[in-house]
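Trainee: Let me see the structure of the following:
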Amino acid sequence: MKILHASAECFGLAKTGGLADVVHALSLASYRHADVRICIPSYRGVFARLRNTCEIASLEIYGYPVRVLEGELDAVTPPIWLIDCPDLFDRPGDPYRDRSGRDYPDNALRFGLFSRAVALLVSGAAEWQPNLLHLHDWQAGLAAAWSKRLRPSLPVLFTIHNLAYQGVFDRATFDLLELPAEWWDIEGVEYWGGFCFIKGGLNFSDAITTVSPSYAEEIKTPAFGCGLDGVLRKRSNELFGLLNGIDAEHWNPAADPLIETCYSRANVTEGKRRNRHALQRLLGLAPMEVPLFIFIGRLADQKGADLLLAAREEIAALPLQLVFLAAGDAGLEQACRAWASEMPERVAALIRMDEALAHRLTAAADFQLMPSRFEPCGLSQLYAQRYGTVPVVRATGGLRDTVIDLNADTLADQSATGILFAEADVDGVLSGIRRALRLYQSKSSLLAVRRAGMSKDFSWDKAAARYLELYRELIPAPAISATSPASVQ
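Mentor: A predicted model of the protein is given here:
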């Protein structure tokens with residue numbers, strides 16, 4: 001099998017969230033069984049992180065000269081293809097926003113060019129040709145449509161990482177991108193008087209995956225379908241919910257160089273105690289023997305941080321400490337800072353995304369809060385369980401699929417790994433926190449839940465096996481057999 005992944009992000013090169021982690025980890029896991037490439041835009045600083053680079057193609061798209069560069073990130077990651085168009089991608093900020101946090105006004109052009117470049121590459125512009133194209137999220141959605149136009153026989157798999165982000169633009173932008181007139185149709189990319197990139201992925205791919213079984217069912221309903229539930233119901237037979245995995249080597253409390261003290265299931269209680277004390281010193285929190293709760297993620301409506309803020313008076317009256325490691329909505333950022341300034345011994349607000357700090361917090365914490373209104377999969381609750389941190393989560397999407405709720409039966413058979421609550425509201429959040437505090441009072445029960453979570457296998461080897469099965473179903477048998485074993489690393 002020869003697989004090209006196309007994505008706006010990849011861990012080690014460009015990351016704003018879980019998309020980068022998933023693309024890198026899935027590519028790495030499948031690289032052991034297939035010939036794989038990863039294609040992303042060449043954002044500022046990305047080229048410098050690669051070694052042994054060379055130019056493999058030269059294109060002109062929308063009047064812009066585009067170089068396609070191939071290089072190596074490290075000794076184990078598949079080769080990287082960079083879509084190098086400095087006018088559009090060599091900019092300050094993150095892949096989508098400038099330094100002030102505003103979306104680049106020409107994002108449609110930027111990712112329209114990226115999508116078209118991917119389609120040209122898999123249609124003969126590059127010497128290495130895949131026998132399956134795996135596209136990720138809205139930024140690559142139009143590549144499905146273009147590739148079906150340029151190389152109809154190439155199987156295309158499209159993965160929805162978060163349906164709430166769709167790449168919606170107007171008719172003028174449709175014309176600017178020189179999209180075929182017949183695509184302006186409900187069976188194409190037209191969307192409520194405009195058009196959206198992700199619909200290209202949904203309508204022109206051979207199969208669709210999303211990142212958990214529950215989310216695959218939820219997005220076929222009006223409540224979670226973000227206006228595309230009808231499309232997804234129509235494609236129900238080609239829609240699969242495949243649970244994400246994690247990099248179990250990078251997230252390993254027994255050998256994590258980023259944490260204060262490494263530990264395993266055997267000494268999780270002492271290991272967490274030492275990491276918690278170190279974190280309290282680092283953040284200026286009082287050296288209290290109370291449970292430590294953390295929130296790691298985007299400050300956005302989806303993630304429910306506003307529910308914690310709305311409940312802060314009730315939370316302040318409870319015996320706990322709370323740390324935010326988050327960024328996003330400016331109003332929520334300011335509210336987190338204000339709470340921390342009012343209660344500096346018990347609340348800390350780290351308004352940024354920081355990989356090393358995420359490891360330290362996860363190792364130190366007793367409980368991880370995820371009051372999400374919806375959650376396609378979620379990775380933080382998987383990392384938490386790996387580190388013996390008990391997830392306290394809303395019962396939705398991938399959270400429901402990956403956390404086994406604590407009750408008398410699951411405690412008795414030692415399968416409980418966390419606490420689920422039903423409603424994404426203040427009462428729901430408080431009920432989850434109070435249940436966590438009761439668990440904390442029973443050291444034997446807390447230890448059992450921690451160890452159950454640490455015993456779970458959330459590795460990408462398990463998750464990638466499901467993708468490899470789907471790849472084999474999509475790729476015609478002669479195409480697989482034509483790939484010689486010598487070409488697969």
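Trainee: Pretty sure L411 sits in a helix.
Mentor: Yes - membership of L411 in a helix is supported by DSSP: H, G, I helix; E, B strand; the rest coil.
Trainee: Around the closest residue to it other than its chain neighbours, how many other residues sit close by?
Mentor: Once flanking residues are discounted, L411 sits nearest to S445: 6.1 Å by C-beta to C-beta, 6 or more residues apart in numbering. No exception for glycine: its C-beta is placed from N, CA and C like everyone else's. Other residues lying near S445 total 15 when counted by other C-beta atoms under 10 Å.
Trainee: Run through who's touching the helix or strand where S445 lies.
Mentor: Taking DSSP states H and E as the definition, S445 sits inside helix 443-455. Helix 443-455 is contacted from outside by 253, 264-265, 268-269, 366, 384-391, 404, 406, 411, 414-418, 439-440, using C-beta atoms under 8 Å, 6 or more residues apart in numbering.
Trainee: Just the buried ones among those, please.
Mentor: Buried residues within those, defined by neighbour count using 16 or more other C-beta atoms under 10 Å: 253, 265, 268, 366, 384-391, 404, 406, 411, 415-418, 439-440.
Trainee: Among those residues, which lie within strands?
Mentor: Residues from those lying in strands, with DSSP state E as the criterion: V390, P391.
Trainee: May I see the domains of this structure written out as residue ranges?
Mentor: 2-245+460-487, 265-455 (automatic domain parsing).
Trainee: P257: which of the ones you listed is closest?
Mentor: Evaluated over the domains of the chain, closeness to P257 peaks at domain 265-455, with 8.9 Å, by C-beta to C-beta.
Trainee: how distant is that closest one from the center of its chain?
Mentor: 19 Å (C-alpha atoms, centre = their mean, to the nearest Å).
Trainee: Tell me the secondary structure at P257.
Mentor: P257 carries the three-state label coil when classified by three-state DSSP.
Trainee: what sits against G200?
Mentor: Taking C-beta under 8 Å, 6+ apart, one finds S115, G141, L142, A143, A144, A145, W183, G188, V189 in contact with G200.
Trainee: The third one: helix or strand, and which one exactly?
Mentor: With secondary structure defined by DSSP H and E, L142 is part of helix 141-150.
Trainee: thinking G194 is in contact with D175, fair?
Mentor: No - look at G194 against D175 with C-beta atoms under 8 Å: they stay out of range, at 11.9 Å.
Trainee: where does A57 fall, phi/psi-wise?
Mentor: Main-chain torsions, A57, degrees, to the nearest 10: phi -160, psi 160.
Trainee: Could you give the bridge partners of it?
Mentor: A57 forms beta bridges with V68, as assigned by DSSP bridges.
Trainee: Assess the claim that it and E70 are in contact.
Mentor: No - in terms of C-beta under 8 Å, A57 does not count as a neighbour of E70; the distance is 9.1 Å.
Trainee: Would you mind measuring from H136 to G388?
Mentor: Distance, H136 to G388, by C-beta to C-beta, to the nearest Å: 31 Å.
Trainee: Give me the next element, helix or strand, following the helix holding L142.
Mentor: Per DSSP H and E, the helix or strand that comes after helix 141-150 is strand 156-160.
Trainee: same for that next one, what does it pack against?
Mentor: strand 132-136, helix 141-150, helix 197-204, strand 207-210, helix 460-474 (3 or more C-beta pairs under 8 Å, 6 or more residues apart in numbering; DSSP states H and E).
Trainee: helices or strands next to the fourth one in the packing?
Mentor: Taking 3+ C-beta pairs under 8 Å, 6+ apart as contact, the helices and strands that strand 207-210 lies on are strand 156-160, strand 239-241, helix 460-474.
Trainee: which residues sit against it?
Mentor: Outside strand 207-210, the residues that reach it (C-beta under 8 Å, 6+ apart) are 155, 157-161, 163, 201-202, 216, 219, 232, 235, 238-242, 376, 467, 470, 474.
Trainee: what do you get for the longest one?
Mentor: In this structure, residues lying in contact with helix 460-474 by C-beta under 8 Å, 6+ apart are 1, 3, 25-26, 28-30, 33-34, 132, 134, 155, 157, 206-207, 209, 240, 242-248, 480.
Trainee: Just the angle for it relative to strand 156-160, thanks.
Mentor: Going by axes from the mean of the first three to the mean of the last three C-alpha atoms, to 10 degrees, helix 460-474 is angled at 140 degrees with respect to strand 156-160.
Trainee: buried residues in helix 460-474?
Mentor: Under 16+ other C-beta under 10 Å, the buried positions of helix 460-474 are W460, A463, A464, Y467, L468, L470, Y471, L474.
Trainee: With just CA atoms, put that helix into CSV.
Mentor: Coordinates of each C-alpha in helix 460-474 appear next as CSV, following Å, rounded to 0.1, in the frame of the first residue of the first chain:
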residue,chain,number,x,y,z
TRP,A,460,-1.9,3.9,17.8
ASP,A,461,-0.8,0.3,16.9
LYS,A,462,-4.3,-0.8,17.9
ALA,A,463,-6.0,2.2,16.2
ALA,A,464,-3.9,2.0,13.1
ALA,A,465,-4.8,-1.6,12.5
ARG,A,466,-8.4,-0.5,11.9
TYR,A,467,-7.3,2.1,9.4
LEU,A,468,-5.1,-0.5,7.6
GLU,A,469,-8.1,-2.8,7.2
LEU,A,470,-10.1,0.1,5.7
TYR,A,471,-7.2,1.0,3.4
ARG,A,472,-7.1,-2.6,2.1
GLU,A,473,-10.9,-2.6,1.5
LEU,A,474,-10.6,0.7,-0.6
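Trainee: about what we covered before: in TSV: the domains of the chain, plus distance to P257.
Mentor: Listed next are the domains of the chain as TSV, based on distance: least, C-beta to C-beta, whole Å:
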stretch	distance to P257
domain 2-245+460-487	16
domain 265-455	9
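Trainee: tell me the contacts of L361?
Mentor: L279, I294, I296, V323, L325.
Trainee: does it belong to a helix or a strand, and which?
Mentor: Going by DSSP H and E, L361 is part of helix 355-364.
Trainee: picking that back up, same list, the helices and strands packed on strand 156-160, but as CSV with distance to F47 and mean pLDDT please.
Mentor: Converted to CSV, those look like this (distance: least, C-beta to C-beta, whole Å; pLDDT from 0 to 100):
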stretch, distance to F47, mean pLDDT
strand 132-136, 21, 98
helix 141-150, 21, 98
helix 197-204, 25, 98
strand 207-210, 30, 98
helix 460-474, 27, 92
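Trainee: Just put those in JSON lines and tack on distance to L82.
Mentor: Converted to JSON lines, those look like this (distance: least, C-beta to C-beta, whole Å):
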{"stretch": "strand 132-136", "distance to L82": "16"}
{"stretch": "helix 141-150", "distance to L82": "15"}
{"stretch": "helix 197-204", "distance to L82": "20"}
{"stretch": "strand 207-210", "distance to L82": "25"}
{"stretch": "helix 460-474", "distance to L82": "24"}
